[in-house]
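K.L.:
Build me a model from this:
(one chain, ligands or ions: 1)
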Amino acid sequence: MYYPSYRMRRLRRTPAIRDLVRETKLQLDDLVYPLFVIAGENIKNPISSMPGCYQLSIGNVIPEVREIVKLGIKAILLFGIPAHKDPAATGAYDHEGIVQMAVRAIKDEFPDLVIITDVCLCEYTDHGHCGVVQDGEVLNDVTLELLSKMAVTHAESGADMVAPSDMMDGRVAAIRNALDDEGLTDTILLSYSSKFASAFYGPFREAAESAPAFGDRKTYQMDPANGEEAVREALLDIEEGADMIMVKPAIPFLDVIHAVKQETKFPLAAYNVSGEYAMIKAAAANGWLDEQRAVLEAITGIKRAGADLIITYHAKDLATWLG
Ligand code: PBG
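P.N.:
Residues are numbered from 1 along each chain as shown. Below is the predicted model:
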(Lines give C-alpha, C1' and ligand atoms only; values in the text may rest on other atoms or scores of the structure.)
Protein backbone atom coordinates (compact mmCIF):
# COMPACT_ATOMS: atom_id res chain seq x y z
CA MET A 1 0.00 0.00 0.00
CA TYR A 2 1.36 3.38 -0.97
CA TYR A 3 0.45 7.03 -0.75
CA PRO A 4 -2.22 8.39 -1.00
CA SER A 5 -4.03 5.45 0.68
CA TYR A 6 -1.15 4.88 3.11
CA ARG A 7 0.01 7.86 5.16
CA MET A 8 2.76 7.59 7.81
CA ARG A 9 1.69 10.88 9.35
CA ARG A 10 -1.56 9.33 10.66
CA LEU A 11 0.31 7.82 13.63
CA ARG A 12 2.02 11.13 14.43
CA ARG A 13 -1.08 13.29 14.59
CA THR A 14 -1.57 13.85 18.36
CA PRO A 15 0.57 13.46 21.49
CA ALA A 16 -1.64 10.59 22.72
CA ILE A 17 -1.31 8.68 19.43
CA ARG A 18 2.43 9.23 19.46
CA ASP A 19 2.56 7.92 23.03
CA LEU A 20 0.68 4.78 21.97
CA VAL A 21 3.07 3.88 19.17
CA ARG A 22 6.35 4.93 20.81
CA GLU A 23 8.78 2.02 20.51
CA THR A 24 11.41 2.98 23.07
CA LYS A 25 10.55 4.30 26.50
CA LEU A 26 13.19 5.40 28.94
CA GLN A 27 12.54 4.40 32.52
CA LEU A 28 14.14 5.24 35.82
CA ASP A 29 15.09 1.55 36.10
CA ASP A 30 17.39 1.96 33.12
CA LEU A 31 19.68 4.45 34.81
CA VAL A 32 22.88 4.23 36.83
CA TYR A 33 24.42 7.37 38.36
CA PRO A 34 28.23 7.58 38.74
CA LEU A 35 29.73 9.18 41.86
CA PHE A 36 33.28 10.25 42.73
CA VAL A 37 34.24 9.66 46.33
CA ILE A 38 37.39 11.35 47.60
CA ALA A 39 39.46 10.70 50.71
CA GLY A 40 39.30 13.46 53.34
CA GLU A 41 36.62 15.36 55.17
CA ASN A 42 34.09 17.97 54.22
CA ILE A 43 35.03 17.99 50.56
CA LYS A 44 32.69 18.98 47.76
CA ASN A 45 34.92 19.90 44.80
CA PRO A 46 33.04 20.90 41.66
CA ILE A 47 34.42 19.20 38.53
CA SER A 48 34.75 22.11 36.11
CA SER A 49 34.36 20.11 32.91
CA MET A 50 31.33 18.22 34.30
CA PRO A 51 28.91 20.84 35.62
CA GLY A 52 26.70 19.42 38.38
CA CYS A 53 29.21 16.69 39.31
CA TYR A 54 31.49 16.79 42.35
CA GLN A 55 34.25 14.97 44.14
CA LEU A 56 32.61 14.20 47.48
CA SER A 57 34.08 13.01 50.75
CA ILE A 58 32.14 10.22 52.45
CA GLY A 59 30.21 12.54 54.76
CA ASN A 60 29.01 14.50 51.74
CA VAL A 61 28.24 11.43 49.64
CA ILE A 62 25.49 10.35 52.02
CA PRO A 63 23.18 13.36 51.44
CA GLU A 64 23.87 13.08 47.70
CA VAL A 65 22.86 9.41 47.75
CA ARG A 66 19.77 10.30 49.76
CA GLU A 67 18.73 12.65 46.97
CA ILE A 68 19.46 10.02 44.33
CA VAL A 69 17.36 7.43 46.15
CA LYS A 70 14.57 9.94 46.60
CA LEU A 71 14.56 10.61 42.86
CA GLY A 72 13.94 6.89 42.32
CA ILE A 73 17.35 5.96 40.88
CA LYS A 74 18.11 2.35 41.78
CA ALA A 75 21.84 2.04 41.16
CA ILE A 76 25.06 4.01 41.56
CA LEU A 77 28.57 3.41 40.24
CA LEU A 78 31.40 4.39 42.59
CA PHE A 79 34.85 5.69 41.72
CA GLY A 80 37.46 6.46 44.36
CA ILE A 81 40.11 9.13 44.63
CA PRO A 82 42.55 7.95 47.32
CA ALA A 83 44.69 10.05 49.63
CA HIS A 84 47.81 8.32 48.41
CA LYS A 85 48.92 6.85 45.08
CA ASP A 86 51.84 4.45 44.55
CA PRO A 87 53.20 2.05 41.89
CA ALA A 88 51.40 -0.95 43.44
CA ALA A 89 48.05 0.85 43.74
CA THR A 90 47.82 -0.20 47.39
CA GLY A 91 44.86 2.10 48.01
CA ALA A 92 42.83 0.04 45.54
CA TYR A 93 42.63 -3.12 47.64
CA ASP A 94 42.90 -1.72 51.16
CA HIS A 95 39.98 -2.66 53.41
CA GLU A 96 40.13 0.90 54.71
CA GLY A 97 40.37 2.28 51.15
CA ILE A 98 38.10 5.07 50.00
CA VAL A 99 35.67 2.96 47.96
CA GLN A 100 35.54 0.17 50.54
CA MET A 101 34.64 2.68 53.28
CA ALA A 102 32.13 4.46 51.06
CA VAL A 103 30.38 1.21 50.15
CA ARG A 104 29.99 0.29 53.82
CA ALA A 105 28.70 3.74 54.73
CA ILE A 106 26.20 3.86 51.86
CA LYS A 107 25.00 0.24 52.29
CA ASP A 108 24.43 0.89 55.95
CA GLU A 109 21.92 3.66 55.21
CA PHE A 110 20.53 2.55 51.88
CA PRO A 111 20.48 -1.26 51.87
CA ASP A 112 18.24 -1.52 48.80
CA LEU A 113 20.31 0.71 46.55
CA VAL A 114 22.37 -1.30 44.07
CA ILE A 115 26.03 -0.38 44.50
CA ILE A 116 28.35 -1.00 41.58
CA THR A 117 32.08 -0.38 42.03
CA ASP A 118 34.56 0.42 39.29
CA VAL A 119 37.48 -1.99 39.49
CA CYS A 120 40.57 -0.43 37.93
CA LEU A 121 43.95 0.69 39.19
CA CYS A 122 44.31 4.00 37.33
CA GLU A 123 43.02 6.17 40.18
CA TYR A 124 45.43 4.46 42.60
CA THR A 125 48.72 4.21 40.66
CA ASP A 126 51.12 7.14 40.75
CA HIS A 127 51.61 6.85 36.96
CA GLY A 128 47.87 6.74 36.22
CA HIS A 129 47.88 3.54 34.15
CA CYS A 130 45.25 0.85 34.71
CA GLY A 131 47.81 -1.84 35.53
CA VAL A 132 51.23 -2.45 37.03
CA VAL A 133 53.99 -0.79 34.99
CA GLN A 134 57.48 -2.16 34.43
CA ASP A 135 59.99 -0.55 32.04
CA GLY A 136 57.23 1.54 30.52
CA GLU A 137 54.98 -1.48 29.82
CA VAL A 138 51.62 -2.20 31.42
CA LEU A 139 51.89 -5.79 32.66
CA ASN A 140 48.83 -7.96 32.22
CA ASP A 141 49.13 -11.00 34.46
CA VAL A 142 50.48 -9.41 37.64
CA THR A 143 47.73 -6.79 37.35
CA LEU A 144 45.08 -9.53 37.51
CA GLU A 145 46.06 -10.38 41.08
CA LEU A 146 45.63 -6.78 42.22
CA LEU A 147 42.31 -6.38 40.42
CA SER A 148 41.07 -9.59 42.04
CA LYS A 149 42.03 -8.34 45.51
CA MET A 150 40.33 -5.05 44.76
CA ALA A 151 37.09 -6.72 43.63
CA VAL A 152 37.06 -9.01 46.68
CA THR A 153 37.44 -6.10 49.12
CA HIS A 154 34.66 -4.19 47.36
CA ALA A 155 32.36 -7.20 47.55
CA GLU A 156 33.25 -7.88 51.18
CA SER A 157 32.35 -4.28 51.94
CA GLY A 158 28.91 -4.84 50.45
CA ALA A 159 29.12 -3.97 46.73
CA ASP A 160 26.35 -5.74 44.82
CA MET A 161 28.23 -5.61 41.56
CA VAL A 162 31.89 -5.20 40.61
CA ALA A 163 32.76 -3.66 37.27
CA PRO A 164 36.31 -4.15 35.96
CA SER A 165 37.21 -1.33 33.55
CA ASP A 166 40.94 -1.97 33.13
CA MET A 167 40.82 -4.01 29.87
CA MET A 168 43.50 -6.51 30.93
CA ASP A 169 43.07 -9.94 29.32
CA GLY A 170 41.67 -12.64 31.57
CA ARG A 171 40.48 -10.34 34.32
CA VAL A 172 36.89 -11.55 34.31
CA ALA A 173 37.86 -15.17 35.01
CA ALA A 174 40.46 -14.08 37.57
CA ILE A 175 37.98 -11.90 39.46
CA ARG A 176 35.17 -14.50 39.29
CA ASN A 177 37.49 -17.17 40.70
CA ALA A 178 38.71 -14.87 43.45
CA LEU A 179 35.16 -13.92 44.45
CA ASP A 180 34.01 -17.54 44.45
CA ASP A 181 37.04 -18.64 46.49
CA GLU A 182 35.94 -16.19 49.17
CA GLY A 183 32.35 -17.43 49.04
CA LEU A 184 31.19 -14.26 47.31
CA THR A 185 29.21 -16.24 44.77
CA ASP A 186 26.33 -13.76 44.61
CA THR A 187 28.45 -10.78 43.66
CA ILE A 188 27.49 -9.76 40.13
CA LEU A 189 30.26 -9.19 37.61
CA LEU A 190 29.60 -6.41 35.13
CA SER A 191 32.47 -6.35 32.68
CA TYR A 192 33.46 -3.22 30.78
CA SER A 193 33.92 -5.75 28.00
CA SER A 194 34.10 -3.43 25.01
CA LYS A 195 35.86 -0.30 26.13
CA PHE A 196 37.47 1.94 23.55
CA ALA A 197 40.55 4.19 23.86
CA SER A 198 38.40 7.29 23.63
CA ALA A 199 38.98 11.03 23.59
CA PHE A 200 35.65 11.34 25.39
CA TYR A 201 37.13 10.29 28.77
CA GLY A 202 38.89 13.66 29.07
CA PRO A 203 36.65 15.25 31.72
CA PHE A 204 36.57 12.02 33.78
CA ARG A 205 40.34 12.08 34.14
CA GLU A 206 40.00 15.49 35.77
CA ALA A 207 37.23 14.12 38.00
CA ALA A 208 39.10 10.96 39.01
CA GLU A 209 42.60 12.44 38.82
CA SER A 210 43.60 9.46 36.71
CA ALA A 211 45.24 10.77 33.53
CA PRO A 212 48.22 8.59 32.55
CA ALA A 213 51.51 10.37 33.32
CA PHE A 214 53.13 8.97 30.14
CA GLY A 215 51.84 7.42 26.92
CA ASP A 216 48.21 6.49 26.45
CA ARG A 217 45.87 3.54 27.00
CA LYS A 218 45.97 2.18 23.46
CA THR A 219 47.80 -1.05 24.38
CA TYR A 220 44.84 -2.15 26.48
CA GLN A 221 41.73 -0.17 25.47
CA MET A 222 40.27 -0.85 22.02
CA ASP A 223 40.80 0.96 18.75
CA PRO A 224 37.59 2.97 18.09
CA ALA A 225 37.64 1.65 14.50
CA ASN A 226 36.92 -1.94 15.58
CA GLY A 227 33.33 -3.15 15.88
CA GLU A 228 33.87 -6.87 15.30
CA GLU A 229 36.62 -6.95 17.93
CA ALA A 230 34.13 -5.38 20.34
CA VAL A 231 31.81 -8.33 19.83
CA ARG A 232 34.67 -10.80 20.34
CA GLU A 233 35.64 -9.04 23.58
CA ALA A 234 32.06 -9.36 24.83
CA LEU A 235 31.82 -13.04 23.89
CA LEU A 236 35.15 -13.80 25.61
CA ASP A 237 34.08 -12.06 28.80
CA ILE A 238 30.83 -14.04 28.81
CA GLU A 239 32.88 -17.24 28.43
CA GLU A 240 34.96 -16.11 31.41
CA GLY A 241 31.87 -15.59 33.55
CA ALA A 242 30.63 -12.02 33.11
CA ASP A 243 26.98 -11.64 34.16
CA MET A 244 26.60 -8.41 32.23
CA ILE A 245 28.70 -6.70 29.59
CA MET A 246 29.27 -3.09 28.55
CA VAL A 247 29.98 -0.84 25.61
CA LYS A 248 31.78 2.40 26.38
CA PRO A 249 31.52 5.21 25.28
CA ALA A 250 27.92 5.11 24.06
CA ILE A 251 26.98 7.70 21.46
CA PRO A 252 29.90 7.28 19.03
CA PHE A 253 29.40 3.48 19.33
CA LEU A 254 25.65 2.93 18.85
CA ASP A 255 26.35 0.39 16.09
CA VAL A 256 28.57 -1.53 18.51
CA ILE A 257 25.84 -1.51 21.17
CA HIS A 258 23.45 -2.95 18.61
CA ALA A 259 25.87 -5.60 17.37
CA VAL A 260 26.95 -6.70 20.86
CA LYS A 261 23.33 -7.05 21.98
CA GLN A 262 22.34 -9.00 18.87
CA GLU A 263 25.33 -11.34 19.09
CA THR A 264 25.23 -12.03 22.82
CA LYS A 265 21.65 -11.55 24.04
CA PHE A 266 23.23 -10.75 27.41
CA PRO A 267 22.21 -7.90 29.71
CA LEU A 268 24.07 -4.94 28.27
CA ALA A 269 25.12 -1.67 29.88
CA ALA A 270 26.19 1.37 27.88
CA TYR A 271 28.34 4.10 29.43
CA ASN A 272 27.38 7.61 28.35
CA VAL A 273 30.79 8.97 29.34
CA SER A 274 32.05 12.26 30.72
CA GLY A 275 32.89 13.83 27.34
CA GLU A 276 29.43 13.03 25.98
CA TYR A 277 27.97 14.74 29.04
CA ALA A 278 30.32 17.72 28.79
CA MET A 279 29.42 18.34 25.15
CA ILE A 280 25.71 18.67 25.85
CA LYS A 281 26.30 20.68 29.02
CA ALA A 282 28.61 23.12 27.24
CA ALA A 283 26.28 23.58 24.27
CA ALA A 284 23.27 24.05 26.56
CA ALA A 285 25.15 26.58 28.71
CA ASN A 286 25.81 28.57 25.54
CA GLY A 287 22.15 28.43 24.58
CA TRP A 288 23.01 26.36 21.51
CA LEU A 289 20.92 23.31 22.47
CA ASP A 290 17.78 22.64 24.47
CA GLU A 291 19.36 20.53 27.21
CA GLN A 292 16.30 18.48 28.17
CA ARG A 293 15.40 17.57 24.60
CA ALA A 294 19.00 16.83 23.66
CA VAL A 295 19.55 14.57 26.67
CA LEU A 296 16.29 12.69 26.23
CA GLU A 297 17.04 12.13 22.55
CA ALA A 298 20.62 11.00 23.18
CA ILE A 299 19.77 8.61 26.00
CA THR A 300 16.70 7.22 24.23
CA GLY A 301 18.96 6.56 21.25
CA ILE A 302 21.31 4.53 23.43
CA LYS A 303 18.39 2.43 24.65
CA ARG A 304 16.99 2.04 21.14
CA ALA A 305 20.39 0.76 19.97
CA GLY A 306 20.09 -2.11 22.46
CA ALA A 307 21.32 -1.05 25.90
CA ASP A 308 19.42 -2.39 28.91
CA LEU A 309 21.22 -0.17 31.41
CA ILE A 310 22.61 3.28 30.84
CA ILE A 311 25.31 4.71 33.06
CA THR A 312 24.99 8.47 32.77
CA TYR A 313 25.84 11.70 34.58
CA HIS A 314 22.47 12.97 33.31
CA ALA A 315 20.64 10.42 35.50
CA LYS A 316 19.52 12.89 38.17
CA ASP A 317 18.14 15.32 35.58
CA LEU A 318 16.51 12.47 33.71
CA ALA A 319 14.89 11.21 36.89
CA THR A 320 13.38 14.65 37.45
CA TRP A 321 12.08 14.86 33.89
CA LEU A 322 10.81 11.26 33.77
CA GLY A 323 9.45 11.42 37.32
C1 PBG B 1 38.90 3.80 34.58
C2 PBG B 1 37.73 4.44 33.94
C3 PBG B 1 37.68 5.50 33.02
C4 PBG B 1 36.32 5.79 32.84
C5 PBG B 1 35.61 4.87 33.61
N6 PBG B 1 36.49 4.03 34.26
C7 PBG B 1 38.73 6.33 32.43
C8 PBG B 1 39.72 5.80 31.51
O9 PBG B 1 39.68 4.66 31.08
O10 PBG B 1 40.63 6.57 31.24
C11 PBG B 1 35.76 6.89 32.00
C12 PBG B 1 34.39 7.34 32.34
C13 PBG B 1 33.97 8.64 31.76
O14 PBG B 1 34.66 9.24 30.91
O15 PBG B 1 32.89 9.09 32.15
N16 PBG B 1 39.71 3.07 33.77
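K.L.:
can you tell if the biggest helix by length in the chain touches the ligand?
P.N.:
Longest helix in the chain by number of residues (criterion: DSSP state H): helix 141-157. No. Shown here: helix 141-157 not in contact with the ligand (CB under 6 Å from any ligand atom), separated by at least 11.1 Å. Any C-beta I mention is one placed from the backbone N, CA and C, and that applies to glycine too.
K.L.:
buried set for that helix?
P.N.:
143-144, 146-157 (16 or more other CB atoms under 10 Å).
K.L.:
Please apply the same query to stretch 155-169.
P.N.:
155-168.
K.L.:
Now it: average pLDDT?
P.N.:
For stretch 155-169, mean pLDDT rounds to 98.
K.L.:
what about that stretch, distance to the chain center?
P.N.:
Put simply, stretch 155-169 sits 11 Å off its chain's centre (CA atoms, centre = their mean, to the nearest Å).
K.L.:
before we move on, what about stretch 289-301?
P.N.:
So, by CA atoms, centre = their mean, the centroid of stretch 289-301 is 19 Å from its chain's centroid.
K.L.:
picking up where we left off before, just name whatever secondary elements the longest helix of the chain is in contact with.
P.N.:
When contacts are defined as 3 or more CB pairs under 8 Å, 6 or more residues apart in numbering; DSSP states H and E, helix 141-157 packs onto helix 98-109, strand 114-119, strand 132-134, strand 161-164, helix 171-181.
K.L.:
Is it possible to get CSV of these that adds distance to the ligand?
P.N.:
Shown next, in CSV, are the helices and strands packed on helix 141-157 (distance: least, CB to the nearest ligand atom, whole Å):
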stretch, distance to the ligand
helix 98-109, 12
strand 114-119, 5
strand 132-134, 14
strand 161-164, 8
helix 171-181, 12
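K.L.:
Same list (the ones you listed) but as JSON lines, adding distance to residue 213.
P.N.:
Output for the helices and strands packed on helix 141-157, formatted as JSON lines (distance: least, CB to CB, whole Å):
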{"stretch": "helix 98-109", "distance to residue 213": "20"}
{"stretch": "strand 114-119", "distance to residue 213": "20"}
{"stretch": "strand 132-134", "distance to residue 213": "10"}
{"stretch": "strand 161-164", "distance to residue 213": "22"}
{"stretch": "helix 171-181", "distance to residue 213": "22"}
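K.L.:
Show me the one of these that comes nearest residue 28.
P.N.:
Of all these, strand 114-119 sits nearest to residue 28, with 12.6 Å by CB to CB.
K.L.:
Tell me which residues are up against the longest helix of the chain.
P.N.:
When contacts are defined by CB atoms under 8 Å, 6 or more residues apart in numbering, helix 141-157 is touched by residues 88-89, 92-95, 97, 99-101, 103-104, 107, 117, 119-121, 130-132, 162, 164, 166, 168, 170-171, 174-175, 177-179, 182, 184, 187.
K.L.:
Quick one: buried ones out of the residues you listed?
P.N.:
Buried, going by 16+ other CB under 10 Å: 89, 92-94, 97, 99-101, 103-104, 107, 117, 119-121, 130-132, 162, 164, 166, 168, 171, 174-175, 178-179, 184, 187, out of the contacts of helix 141-157.
K.L.:
List just the nearest of the buried residues of helix 141-157 to the ligand.
P.N.:
The closest of the buried residues of helix 141-157 to the ligand turns out to be residue 147 (CB to the nearest ligand atom; 11.1 Å).
K.L.:
what does the protein put close to the ligand?
P.N.:
118, 120, 122, 130, 165, 201, 204, 205, 217, 273, 274.
K.L.:
Tell me which two in these are the farthest apart.
P.N.:
Maximum pairwise distance in the residues of the chain next to the ligand, criterion CB to CB, is 16.2 Å, between 130 and 274.
K.L.:
and residue 297, what does it touch?
P.N.:
Contacts of residue 297 by CB under 8 Å, 6+ apart: none found.
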